[in-house]
Each structure stands twice: as C-alpha cells, then as structure tokens.
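[1] have a look at this prediction, sequence included:
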Number of protein chains: 2
Amino acid sequence: MEHVSASPSHGGIQGVYTHQSDATGTPMTFSVFVPAHSPGTKLPVVWYLSGLTCTHANVTDKGEYRRLCSELGLIFVAPDTSPRGEDVPDDPEGAYDFGLGAGFYVDATRRPFSPNYRMRTYLTNELPALLAEHFPVDLTRQAIMGHSMGGHGALTIALRNPDRFRSVSAFAPIVAPSQVPWGRKAFRGYLGDDEQAWRRYDTIALIKDGLRVQDILVDQGDADGFLAEQLKPDLLVKACADANIPLTFRMHRHYDHSYFFVSTFMEDHLRWHAERLG
Amino acid sequence: MEHVSASPSHGGIQGVYTHQSDATGTPMTFSVFVPAHSPGTKLPVVWYLSGLTCTHANVTDKGEYRRLCSELGLIFVAPDTSPRGEDVPDDPEGAYDFGLGAGFYVDATRRPFSPNYRMRTYLTNELPALLAEHFPVDLTRQAIMGHSMGGHGALTIALRNPDRFRSVSAFAPIVAPSQVPWGRKAFRGYLGDDEQAWRRYDTIALIKDGLRVQDILVDQGDADGFLAEQLKPDLLVKACADANIPLTFRMHRHYDHSYFFVSTFMEDHLRWHAERLG
C-alpha cells in the first residue's frame, strides 16, 4: 500500500492511499480518515460508497464528515467507484453512467468487463483485509452508507452481509437498478441479459427474496433531478413496509442530488451509525 | 447579475453568480451563501478571500462554513481571485503565482495588467454595491477573512477600511508581501518597481504607517510548506505587539496549508466574527 497524502484535519488524519488490487487487476485509490485515538485502540469504521462519476475525492473534499468522525470516534473509508487505467475497458461511447466511474459495485461476469470490474469482491474481501492490516479498525463494528449509485452499493452489501454491518444508510439511493435506465444499462453490460442474475445486486429484489437488515435511514431531496426516473424511493418504502424492515425515510423540500445535500445530512447519518456501532 | 446555480444546503441557499464587472472589464463569478431568515431581515456578511490558484469554488466546496453560517445567521461571500478570460493578460510563463488566479487583491497600475487587474476596487466598491442590491445584507455589519494570499487581502482591506469591517481574521496569511518572493513578484508586476507604492498593500507596512484594527485572529499550521519563505507570521506578531493591536495567533502542530487545515478552524473564525458582528 502506498501513501499518496496525509493531512491533519479536525484533530485526525485524512489520508489517501493507493495499492495494487488483486480483485480488479489495477491500482486502486481510496481515502481513510482516522480520528485522534489512544494508541492500541481499535475504532469502528464507516464505509462510504460514492455515486456515478465520483472517485474517493468527492466525499473527501465535500462530505463534511471529519468533524463528526472526530467527535464520534469513527474511521471513515471512501473507496473509488470503479477500476481505472488506460487498459480498463470503458463505455464504448464514453458515457458517464457505465464503465470508468460507474462500476455499480458488482462483480462483472461479461467480457470485456469481467476481468477488471470486480468491485463487489474488492469491497467485501480485499479492501477490508487491507484496512485491518494498516489501520486501527475494529471489523466487528462496521457500518456502510452511500450516495446514489453508492446508496445502491451500501444497501445491497448490507442486505447480503447482515452479520458484518451493524447499520446502513443512504443519500438518494438507486434502490431498484433492475427497473431503471441507469441500472438496466449497467447490469446488461456487466452481467448480461439474464435478469435473474441481476437480483443479487438489486435492493428491492433482495428484500423480496427474504434478505433483511435491522433498519435503514434514507434521505432524499424532492428537487433531485433523478428522483422519478432513476431513484424511485417509493419502491423502497413499499418493500420495507411489506417486509417489516424499519425504514426512516425523509424527503427534504427543495434539496437536489449534490454534495450540498449530502453534506447537510451527513451529521444525522454519522450519528445514526455511531448509535448502532456502540 | 446572472444566476449560475443555487442549491439548498444546511437550511440555506448556496448560490453562484456571475456579472459583468466595470472594475475589471470582465465577467466575474462569486458565490454567496444565505442562511434561512425571516423575510425583510438583513443579515451580517462575512467576506472570504481565497488563495493563489483558487476561484470562488475552493472554499465553496471545501470550506465547511455553511452549517455555522446557518447557526449564526451569517451571509458568506466568496469572490474570485482575479479577472479571467482569454483576453486577460496572464503570467508570460503561465506561473501559478502571478496573473490568472493570483490577483493579490490590488489595483494594478502597470501595463498590461492595469486595465483588468483592479481587484481592490472590485472588492471594496463594486461587489458590495451589487450584493446590497441583490441579497439581504446589512452593510453596517461586515467581517472579512481569507486564506494565504486571501489573508493578505483581508488584513490589508480591514486595515484600510476600519469603519467598514467590524472584524478580521486569516488562515496562514501572507503578511509581508513586500518582503517575500510571492509578493515581490506580484507587486513588481502589478505595481512597478517603486516599493513605496507597495506599502498600501502590505499588512506590516500599513501597521507601521499607523493603520489599526480592533483585533485580529490568525491560525497557522507548523507543517505549512510556505511558512518560512512566504508567510512569516512572526513579522505580524512583532508588528501587532509594537502597535498594541491585540492579535490571537495560534500555531497548530502538524497542520499544512490545505483546506483540511482551513475547514478545521473555520468554526472558530466564524464564531469570532459573529461575536463582533453582534
């Protein structure tokens, strides 16, 4: 693991790191904020998965999480959203919603994406092990959250790993990728045409198939330009109601899809996770 | 004035605006955060001047000021650091520390910079009038702060306009531009070789010449790579002591020159200003 940068901030250290990933076959960059702590202490960790077009840098620059992570004693990890590199296959037309910056947190099974786009394995196997090796993380206390495509990632990873994550939350998540243009394009490209293979990466399908989490916090802006076509939080509200999953869903008047929205409610999410991480 | 964007954030509105400036002869872009307020109320305003290479966007994205401005009822204005445009003269070698992004908050008197680089007039005459016209600002309650080159701007503007600004603060300011490489290059280029003409834009010289403010807050990181050669806060400490200006100077261990540093201490600065703005 290589150190890209480390800056003191809000009493802790905001670092950026890069390493050669076995899962993706590429170098991968991520950021980690570690608050001040007593030597030897292990701290709970919050994973933050970013949205389309983002790298680790967007939330690191704009997320306004460091003050709270210092107060609450949380390590905050922000991975990239896809493998990167000149040899990594991209959307043939260079679209923003597929390929580089748009990995959708799946393990691709379809060529030419299958060898590199293995973000699910990267996030659930490789990166946790690397973190445990280099940072004072307590892997028995993990939480996961995300924004938009990253909300999809957080919800599906939490549902499929209920013993690993004590809490999950999302900002403006894609909840039913199988039913919306962004998700259908991505899943067809990464996973092929068999929609049965998409279910394990679709929050609504996973809940219908019986997977459960303890509870969920979701914030959404009602002026979000992607709300009606891509996000469809009403599907999550219904699925959680049908499955008796306690969902705290908050619709915020006038808020959009940007980090001006995410940073506003970051505090509530971190407090939500801190309560559940103990 | 044209509206570039407006996003709800932390209960207020973060806007970005552009207008044709008489002072610079170019379009100028700036950001304004207006917290929630009762109709008809006028709010105190904090001016934030940015450092070399920055536009309004750096602090707008990374400054972490909105939560506090909402709590304290402050309007926060972030102007650009220079005129911009293809016809605006730049550093002949494209250096980062002169020309575009490096206006040093002076009115240039030397060709070819003199017609466009009139940032002092822009900031002290044109932009306040524009703000008063379009935003609920109480111009009897103004504060000014800045980072690095913007700290230089804030300190010199406050010293020269003691009746206008109730408070001033800076992060890692350039305090003696006439004595350091960044400032000497900029002043020679914008103002010419007569160093007497530089004094009105040099904090240390202005204090020596008898100008005063009520008090000053300065934060500085001791791992700031520009500390010894460009910033020299010891000169400010001595000048304030000699002139009986109360200076709160805080040196922070391990902190650098970045927004990870600025955002950490933004809260203290905004509370400092709010106390003095009443």
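    Looks like it came in fine.

[2] show me which residues of the stretch 1-150 of chain A sit near chain B.
    For the stretch 1-150 of chain A, the residues in contact with chain B (Cβ under 8 Å from any Cβ of the partner chain) are A:7-11, A:14, A:61-62, A:64, A:66-67. C-beta: built from backbone N, CA, C; applies to glycine.

[3] biggest separation within those residues, which pair?
    Within the residues of the stretch 1-150 of chain A next to chain B, A:11 and A:62 form the most distant pair, 19.7 Å apart (Cβ to Cβ).

[4] neighbours of residue A:215, just the number please.
    Residue A:215 is flanked by 14 other residues according to other Cβ atoms under 10 Å in any protein chain shown.

[5] if we can go back for a sec, looking at residue A:11 and residue A:62, which one has more neighbours?
    Applying other Cβ under 10 Å to residue A:11 and residue A:62 shows that residue A:62 carries more neighbours, namely 19 against 13.

[6] what residues are up against the more buried one?
    Neighbour list for residue A:62: A:259, A:262-263, B:61-62 [criterion: Cβ atoms under 8 Å, 6 or more residues apart in numbering or on different chains].

[7] tell me how far it lies from residue A:125.
    In this view, residue A:62 and residue A:125 are 29 Å apart by Cβ to Cβ, to the nearest Å.

[8] buried ones among the contacts of residue A:62?
    Buried subset of the contacts of residue A:62 (neighbour count, 16 or more other Cβ atoms under 10 Å in any protein chain shown): A:259, A:262-263, B:61-62.

[9] these: which two are farthest apart?
    Taking Cβ to Cβ as the measure, the buried ones among the contacts of residue A:62 span a maximum distance of 13.8 Å, between A:262 and B:62.

[10] residue A:12 - nearest residue in space that isn't next to it in sequence?
    Excluding the flanking residues, the one nearest residue A:12 by Cβ to Cβ, 6 or more residues apart in numbering or on different chains is residue A:35, at 3.9 Å.

[11] quick one, what contacts the one you found?
    Residue A:35 neighbours (Cβ under 8 Å, 6+ apart): A:10-12, A:43, A:69-70, A:73-75.

[12] what's around the residue lying closest to residue A:237 once chain neighbours are set aside, how many residues?
    Leaving aside its chain neighbours, residue A:237 sits nearest to residue A:249 (5.6 Å; criterion: Cβ to Cβ, 6+ apart). By other Cβ under 10 Å, the residues close to residue A:249 number 14.

[13] what's the longest helix in chain A?
    helix A:259-277 (DSSP state H).

[14] buried ones in it, by neighbour count?
    Buried positions in helix A:259-277, judged by neighbour count with 16+ other Cβ under 10 Å: A:259-267, A:269-270, A:272-274, A:276-277.

[15] alpha carbons of it, as PDB, please.
    C-alpha atoms of helix A:259-277 as PDB (Å, rounded to 0.1, in the frame of the first residue of the first chain):
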ATOM      1  CA  TYR A 259     -23.000  17.300  -2.100                       C
ATOM      2  CA  PHE A 260     -24.700  20.400  -0.900                       C
ATOM      3  CA  PHE A 261     -27.500  18.000   0.000                       C
ATOM      4  CA  VAL A 262     -25.200  15.100   1.200                       C
ATOM      5  CA  SER A 263     -23.100  17.300   3.500                       C
ATOM      6  CA  THR A 264     -26.300  18.800   5.000                       C
ATOM      7  CA  PHE A 265     -27.500  15.500   6.300                       C
ATOM      8  CA  MET A 266     -24.100  13.800   6.900                       C
ATOM      9  CA  GLU A 267     -24.200  14.600  10.600                       C
ATOM     10  CA  ASP A 268     -27.500  12.700  11.000                       C
ATOM     11  CA  HIS A 269     -26.200   9.700   9.200                       C
ATOM     12  CA  LEU A 270     -23.000   9.500  11.200                       C
ATOM     13  CA  ARG A 271     -24.900   9.900  14.500                       C
ATOM     14  CA  TRP A 272     -27.300   7.100  13.300                       C
ATOM     15  CA  HIS A 273     -24.300   4.800  12.600                       C
ATOM     16  CA  ALA A 274     -22.400   5.700  15.800                       C
ATOM     17  CA  GLU A 275     -25.500   4.800  17.900                       C
ATOM     18  CA  ARG A 276     -25.700   1.400  16.300                       C
ATOM     19  CA  LEU A 277     -21.900   0.800  16.400                       C
END
